[in-house]
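> Prediction below, plus the sequence it came from.
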Amino acid sequence: MKTIKHYNSLKLLFIFLSFVLVNPVVGQVEGGVVIYLVRHAEKVDNSNDASLSSQGRERADLLSRVLIDAKIEHIHSTDFQRTRDTVKPLASLLGIGIKLYDPQDLENFSVNLLETPGVHLVSGHSNTTPELVRLLGGESTSIQDHEY
(Lines give C-alpha, C1' and ligand atoms only; values in the text may rest on other atoms or scores of the structure.)
Protein backbone atom coordinates (compact mmCIF):
# COMPACT_ATOMS: atom_id res chain seq x y z
CA MET A 1 0.00 0.00 0.00
CA LYS A 2 2.82 2.38 0.85
CA THR A 3 4.34 1.76 -2.60
CA ILE A 4 1.08 2.83 -4.29
CA LYS A 5 0.87 5.93 -2.10
CA HIS A 6 4.51 6.75 -2.86
CA TYR A 7 3.88 6.22 -6.58
CA ASN A 8 0.85 8.54 -6.48
CA SER A 9 2.88 11.19 -4.66
CA LEU A 10 5.65 10.94 -7.24
CA LYS A 11 3.08 11.09 -10.04
CA LEU A 12 1.59 14.28 -8.55
CA LEU A 13 5.03 15.80 -8.11
CA PHE A 14 5.88 15.01 -11.74
CA ILE A 15 2.61 16.53 -12.99
CA PHE A 16 3.08 19.60 -10.81
CA LEU A 17 6.69 20.11 -11.88
CA SER A 18 5.75 19.57 -15.51
CA PHE A 19 3.19 22.35 -15.18
CA VAL A 20 5.64 24.63 -13.38
CA LEU A 21 8.46 24.05 -15.86
CA VAL A 22 6.32 24.31 -19.00
CA ASN A 23 3.85 27.04 -18.11
CA PRO A 24 5.20 30.48 -19.09
CA VAL A 25 3.08 32.20 -16.42
CA VAL A 26 5.01 30.50 -13.65
CA GLY A 27 8.34 32.22 -13.63
CA GLN A 28 10.03 35.57 -13.48
CA VAL A 29 8.19 38.42 -15.17
CA GLU A 30 8.64 42.18 -15.10
CA GLY A 31 8.71 43.66 -11.62
CA GLY A 32 10.06 40.56 -9.89
CA VAL A 33 6.81 38.59 -9.82
CA VAL A 34 6.61 34.79 -9.68
CA ILE A 35 3.17 33.16 -9.76
CA TYR A 36 2.36 29.52 -8.99
CA LEU A 37 -1.17 28.57 -10.04
CA VAL A 38 -2.85 25.44 -8.69
CA ARG A 39 -6.31 23.99 -8.90
CA HIS A 40 -7.80 22.97 -5.55
CA ALA A 41 -7.21 19.39 -4.44
CA GLU A 42 -9.82 16.61 -4.49
CA LYS A 43 -13.08 17.43 -2.76
CA VAL A 44 -15.44 15.23 -0.76
CA ASP A 45 -18.47 15.75 -3.01
CA ASN A 46 -20.03 18.11 -5.55
CA SER A 47 -21.73 20.40 -3.05
CA ASN A 48 -21.16 24.14 -3.47
CA ASP A 49 -18.62 24.51 -0.65
CA ALA A 50 -17.24 21.00 -0.32
CA SER A 51 -14.28 20.28 1.91
CA LEU A 52 -11.26 18.27 0.80
CA SER A 53 -11.40 14.50 0.80
CA SER A 54 -8.68 12.53 2.59
CA GLN A 55 -6.88 12.25 -0.77
CA GLY A 56 -7.26 16.02 -1.20
CA ARG A 57 -5.76 16.66 2.23
CA GLU A 58 -2.82 14.42 1.33
CA ARG A 59 -2.36 16.37 -1.91
CA ALA A 60 -2.49 19.68 0.00
CA ASP A 61 0.21 18.40 2.37
CA LEU A 62 2.30 17.28 -0.60
CA LEU A 63 1.90 20.70 -2.20
CA SER A 64 3.22 22.31 0.99
CA ARG A 65 6.28 20.03 0.93
CA VAL A 66 6.92 20.75 -2.75
CA LEU A 67 6.67 24.54 -2.33
CA ILE A 68 8.17 24.98 1.15
CA ASP A 69 11.43 26.32 -0.31
CA ALA A 70 9.84 28.33 -3.15
CA LYS A 71 10.03 31.57 -1.14
CA ILE A 72 6.25 32.06 -1.31
CA GLU A 73 5.34 35.50 0.07
CA HIS A 74 1.67 35.80 -0.93
CA ILE A 75 -0.99 33.09 -0.86
CA HIS A 76 -4.32 33.71 -2.60
CA SER A 77 -7.50 31.66 -2.63
CA THR A 78 -11.13 31.97 -3.58
CA ASP A 79 -13.52 31.97 -0.63
CA PHE A 80 -14.35 28.28 -0.85
CA GLN A 81 -13.32 25.70 1.72
CA ARG A 82 -11.62 23.44 -0.86
CA THR A 83 -9.39 26.20 -2.27
CA ARG A 84 -8.47 27.57 1.15
CA ASP A 85 -7.75 24.08 2.51
CA THR A 86 -5.51 23.30 -0.48
CA VAL A 87 -3.08 26.08 0.49
CA LYS A 88 -3.68 26.09 4.26
CA PRO A 89 -0.87 23.62 5.12
CA LEU A 90 1.72 25.79 3.36
CA ALA A 91 0.27 29.00 4.78
CA SER A 92 0.52 27.50 8.27
CA LEU A 93 4.10 26.33 7.76
CA LEU A 94 5.15 29.74 6.45
CA GLY A 95 3.05 31.82 8.84
CA ILE A 96 1.38 33.61 5.92
CA GLY A 97 -2.26 34.67 5.83
CA ILE A 98 -4.44 33.57 2.92
CA LYS A 99 -5.72 36.52 0.88
CA LEU A 100 -9.12 35.96 -0.72
CA TYR A 101 -9.87 36.93 -4.31
CA ASP A 102 -13.08 37.06 -6.31
CA PRO A 103 -13.13 34.41 -9.07
CA GLN A 104 -15.73 36.55 -10.87
CA ASP A 105 -13.21 39.41 -11.20
CA LEU A 106 -10.14 37.67 -12.57
CA GLU A 107 -9.18 40.63 -14.75
CA ASN A 108 -8.59 42.95 -11.79
CA PHE A 109 -7.03 40.13 -9.77
CA SER A 110 -4.54 39.38 -12.57
CA VAL A 111 -3.54 43.05 -12.72
CA ASN A 112 -3.11 43.09 -8.94
CA LEU A 113 -0.91 39.97 -9.10
CA LEU A 114 1.33 41.44 -11.79
CA GLU A 115 1.66 44.73 -9.91
CA THR A 116 2.58 43.11 -6.58
CA PRO A 117 6.24 42.06 -6.48
CA GLY A 118 7.09 38.77 -4.85
CA VAL A 119 6.32 35.08 -5.10
CA HIS A 120 2.60 34.23 -5.21
CA LEU A 121 0.66 30.99 -4.84
CA VAL A 122 -2.89 31.09 -6.20
CA SER A 123 -5.45 28.37 -5.46
CA GLY A 124 -8.33 28.31 -7.93
CA HIS A 125 -10.78 26.10 -9.78
CA SER A 126 -10.90 24.07 -12.98
CA ASN A 127 -13.04 26.77 -14.58
CA THR A 128 -11.07 29.81 -13.36
CA THR A 129 -7.39 28.82 -13.38
CA PRO A 130 -7.12 28.48 -17.19
CA GLU A 131 -8.68 31.94 -17.62
CA LEU A 132 -6.26 33.38 -15.07
CA VAL A 133 -3.36 31.82 -16.98
CA ARG A 134 -4.61 33.59 -20.12
CA LEU A 135 -5.04 36.94 -18.36
CA LEU A 136 -1.50 36.68 -17.00
CA GLY A 137 -0.16 36.21 -20.53
CA GLY A 138 0.15 32.44 -20.68
CA GLU A 139 -1.38 29.89 -22.98
CA SER A 140 -4.61 28.66 -21.47
CA THR A 141 -5.40 24.95 -21.39
CA SER A 142 -8.51 23.37 -19.97
CA ILE A 143 -8.58 21.45 -16.70
CA GLN A 144 -11.12 18.64 -16.56
CA ASP A 145 -13.22 18.13 -13.44
CA HIS A 146 -11.37 14.90 -12.63
CA GLU A 147 -7.88 16.45 -13.04
CA TYR A 148 -6.12 17.67 -9.93
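Sure, I can see it.
> in the helix or strand where Arg134 lies, what's buried?
Using DSSP states H and E, Arg134 sits in helix 129-135. Residues of helix 129-135 classed as buried by neighbour count (16 or more other C-beta atoms under 10 Å): Thr129, Pro130, Glu131, Leu132, Val133, Leu135. Where C-beta positions appear, they are placed from N, C-alpha and C, glycine not excepted.
> out of those, who's nearest Ser123?
Thr129 (8.9 Å; C-beta to C-beta).
> Show the model's pLDDT score for that closest one.
Note on Thr129: pLDDT of 96.
> now the helix holding Arg134, how far from the centre of its chain.
12 Å (C-alpha atoms, centre = their mean, to the nearest Å).
> With stretch 42-56 instead?
What separates the centre of stretch 42-56 from the centre of its chain is 15 Å, taken as C-alpha atoms, centre = their mean.
> give the contact list for the spatially most central residue of the chain.
Most central in the chain under C-alpha atoms, centre = their mean is Val38, positioned 2.2 Å from the mean C-alpha point. With contact set as C-beta atoms under 8 Å, 6 or more residues apart in numbering, Val38 has these partners: Phe16, Leu63, Thr86, Val87, Leu121, Val122, Ser123, Gly124, Thr129.
> So the third one: helix, strand or coil?
I take that to be Thr86. Of the three states, Thr86 takes helix under DSSP: H, G, I helix; E, B strand; the rest coil.
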